[in-house]
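Undergrad: Sequence and computational prediction follow.
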Amino acid sequence: MSFSTVNPYSGQTIKTFPVADAATIDAAIESAHAAFLSWRTTPLAERAAVLQRAADLLRKDSRRFAEILTLEMGKLIGEAEAEVELSAKILEYYVKFGAKQLAPRVLQANGFADGDVQLIKEPLGVLFAIEPWNFPFYQVIRITAPQTTAGNAVLLKHASNVPQSALAMEQLFRDAGAPEGLLTNLFVSHDDVETVIADPRVRGVALTGSERAGSSVAALAGKYLKKSTLELGGADAFIVLSDADVEKAAKWAVFGRHWNAGQVCVSSKRIIVEDAIYDSFLAHYRAGVAELVAGDPLDPSTTLAPLSSQGARDGLAKQVEAAVSHGAKAETVGKPVPTQGSFYQPTLLTDISPDNPAYHTEFFGPVSQIYRVSDEDAAIKLANDSPYGLGGSVFSQDVARAKRVGGQLETGMVYINQPTGVKADIPFGGVKNSGYGHELIDLGLTEFVNEKLLVISDIDGSF
C-alpha cells in the first residue's frame, strides 16, 4: 500500500509518502512511550495549556487547515472549516472539564471514613489510534484530546489517502508545545498493524473504520490482551411519523443524507416514512435533492462534493447495481454531476425487499434508501432490522411520541427532529455491529485509564 494525496476533484496525485519500515515503527513506538513517561506526571494545568494552544492554532490558521481536508478527501470548504472549528471546540472542552472529570471518585464503604476509599484515574500508556479519511482532523482530535488529557500518548495510523492531514495533526501538537512523541504519526501498512498492537509498550487500540477492519483489530487486541474501542459503520434510520412537519423533515433528510457527500457513519441512510405522508414527503425530498449543486469543493456555491476517491465512487456504483439486480428501483435526481472528479449522481432507492443485499448494507455516498411503512410499529421494526446500531432520528410534532419511538431503537444515539449529529460536548458511540466503547465527554476520557482502587486504613487485625 502507499500513502498518497490524490485530489478527488482533479484526480491529480499531489504527493506520495513511503511506508514505515521496521526500524521506523520501533522508533515511533519508543518516542511515544518516552513521551508518555514524562507526560503522565505533567500537571493537568500544563496538559490543558497544550490543548488550548492547539485549539488557538487551529482557529488562527483555519483556512489553511480546511484546505488540506478539501485537497485530500474532497470535503466542501465550508464543511472543512466547520470540522476545524469542531476540533478546536473538542480541545477546549477538555481544557475546561478534563481536570474535574479526572478527579478521584470517593466511594462510601462500610467501616471506612469518608475519603478513605477512592478510585484514582491513571493513564494506561501508548494508545494505537487507527483513523478513517472522512473526518481527517475531527477523528484524530476525538481520540487525542481526551486521551492526552488523561496522560496517555497516541500513536496514529491514519487512512492512506489523507497523509498530509495526519502530518498536520502531528505538527499541530508539536507547535502547541507537546513533548515530542505525544502524538506520533506512523505511515504503517496493514501488514504491520499486528506488530504495533503486539508491542508491550502499546497498551490499547482505538479504531474507527469498517466492520472488517474492526473485527480484525479487535481479534488482535484480544490476542495480545489490549483494551480496545471500535466505532464502525452505521445505517441510521431517519423515521418520519405521520404527524411530522413534512417539509421540515424533508429538508433535514436532504442535509442528513448528503453532508460530507453522504460519507458519514451517522448519515441518514435509511429513510423510513409512514404511509399517510409518504407521497408528500418523497416529493419534497426529491425536490430538495435536485437542488444540490455538484462542483469544485473549494467553490462556496457547491453543495455536493465528490466522493473521496474514484475507488469509492466505483464501489458505490456496484452496490447500486447489485440492489437493482435484486429488484430495487433506482431513480437518479438532479442535474448531471461533473465528469471530472469522483462524483456520484444522487440516487433514490425504493422497493428494497428484505432479501435484497441493500437492505442490510451501508451505502457511503449520495444514495438514499427510502421505505414506506404502514405505521409506527412497522417503522420501529424496520429500523431495528439492521446489523448496525449507531444513531437514528425520529420526526414528529408530538415530542412525547417521538421519544417513545426513539426509546425503542437499538442504537447508541437518537435525535428527535434532526438527523444524528456530532458535537464537542455530546458523547459518540454505538451498539451491535457499529462497535463498542464511547468517545468524547467523560465517557471517552475514561476509556483508557486505570481506575485504581486506593484504600486508606489504620485498622489493626485481619479481615
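TA: That came through fine. Since the model is a prediction, treat every value here as computed from it, not as a measurement.
Undergrad: Contact partners for Phe137?
TA: Leu58, Phe65, Leu69, Glu83, Val84, Ser87, Ser165, Ala168, Met169 (C-beta atoms under 8 Å, 6 or more residues apart in numbering). All C-beta atoms are positioned from the backbone trio N, CA, C, and that covers glycine.
Undergrad: one more time with 7 Å
TA: Residues in contact with Phe137, defined by C-beta atoms under 7 Å, 6 or more residues apart in numbering, are Phe65, Leu69, Glu83, Val84, Ser87, Ser165, Met169.
Undergrad: tell me, how many neighbours does Ile90 end up with?
TA: Per other C-beta atoms under 10 Å, the neighbour tally for Ile90 reads 27.
Undergrad: how about the helices in this protein?
TA: Using DSSP state H, the helices found in the chain span residues 22-39, 44-60, 62-73, 77-101, 138-150, 163-175, 193-198, 211-223, 246-258, 275-290, 310-325, 376-384, 399-406, 441-445.
Undergrad: hang on, Ser2 packs against Pro18?
TA: No. The criterion here is C-beta atoms under 7 Å, and Ser2 misses it with Pro18 at 8.3 Å.
Undergrad: roughly how far apart are Leu155 and Thr144?
TA: 11 Å (C-beta to C-beta, to the nearest Å).
Undergrad: related to what we said a few turns ago, need the winner for burial among the helices of the chain.
TA: Among the helices of the chain, helix 138-150 has the highest mean neighbour count (mean count of other C-beta atoms under 10 Å), at a mean of 27.
Undergrad: packing partners for that one?
TA: Applying 3 or more C-beta pairs under 7 Å, 6 or more residues apart in numbering; DSSP states H and E, one finds that helix 138-150 makes contact with helix 44-60, helix 77-101, strand 153-157, helix 441-445.
Undergrad: quick one: which of those is nearest Thr339?
TA: helix 77-101 (21.6 Å; C-beta to C-beta).
Undergrad: helices or strands next to the closest one in the packing?
TA: helix 44-60, helix 62-73, helix 138-150, helix 441-445.
Undergrad: Kindly reformat these as JSON lines and extend each row with mean pLDDT and distance to Val95.
TA: Formatted as JSON lines, the helices and strands packed on helix 77-101 follow (pLDDT from 0 to 100; distance: least, C-beta to C-beta, whole Å):
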{"stretch": "helix 44-60", "mean pLDDT": "98", "distance to Val95": "5"}
{"stretch": "helix 62-73", "mean pLDDT": "98", "distance to Val95": "18"}
{"stretch": "helix 138-150", "mean pLDDT": "98", "distance to Val95": "8"}
{"stretch": "helix 441-445", "mean pLDDT": "97", "distance to Val95": "13"}
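Undergrad: so which of those helices gets nearest Gln101?
TA: helix 441-445 (4.2 Å).
Undergrad: As CSV, could you dump the C-alpha coordinates of that closest one?
TA: What follows is helix 441-445, C-alpha atoms only, in CSV (Å, rounded to 0.1, in the frame of the first residue of the first chain):
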residue,chain,number,x,y,z
ILE,A,441,-17.1,13.9,27.2
ASP,A,442,-16.1,11.9,30.3
LEU,A,443,-17.0,8.6,28.7
GLY,A,444,-14.3,8.9,26.2
LEU,A,445,-11.8,10.3,28.7
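Undergrad: can you list contacts of it?
TA: Gly98, Gln101, Leu102, Pro146, Thr149, Ala150, Asp425, Pro427, His438.
Undergrad: so the fourth one makes contact with Tyr94?
TA: Yes. Using C-beta under 7 Å, Pro146 and Tyr94 qualify as a contacting pair, with a distance of 5.9 Å.
Undergrad: where do the contact lists of the two overlap?
TA: Residues touching both Pro146 and Tyr94 (C-beta under 7 Å, 6+ apart): none.
Undergrad: can you list the domains in this protein?
TA: Residue ranges for the domains of the chain, per automatic domain parsing: 3-232+434-454, 237-416.
Undergrad: mind checking how far Leu298 is from Pro8?
TA: Separation of Leu298 from Pro8 (C-beta to C-beta) stands at 12 Å.
Undergrad: swap in Leu86?
TA: The gap separating Leu86 from Pro8 is 21 Å, by C-beta to C-beta.
Undergrad: just so I know, which of the helices and strands packed on helix 77-101 lies nearest Leu316?
TA: helix 62-73 (14.8 Å).
Undergrad: Who are the packing partners of that closest one?
TA: With 3+ C-beta pairs under 7 Å, 6+ apart as the test, helix 62-73 has helix 77-101, helix 163-175 packed against it.
Undergrad: so which of these gets nearest Phe395?
TA: helix 77-101 (23.2 Å).
Undergrad: quick one: average confidence on that closest one?
TA: Averaging pLDDT along helix 77-101 yields 98.
Undergrad: about what we covered before: let me have the helices of the chain in TSV, adding distance to Gly111 as columns.
TA: Output for the helices of the chain, formatted as TSV (distance: least, C-beta to C-beta, whole Å):
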stretch	distance to Gly111
helix 22-39	37
helix 44-60	32
helix 62-73	55
helix 77-101	29
helix 138-150	31
helix 163-175	46
helix 193-198	42
helix 211-223	38
helix 246-258	54
helix 275-290	62
helix 310-325	61
helix 376-384	47
helix 399-406	43
helix 441-445	29
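Undergrad: Perfect, I'm done here.
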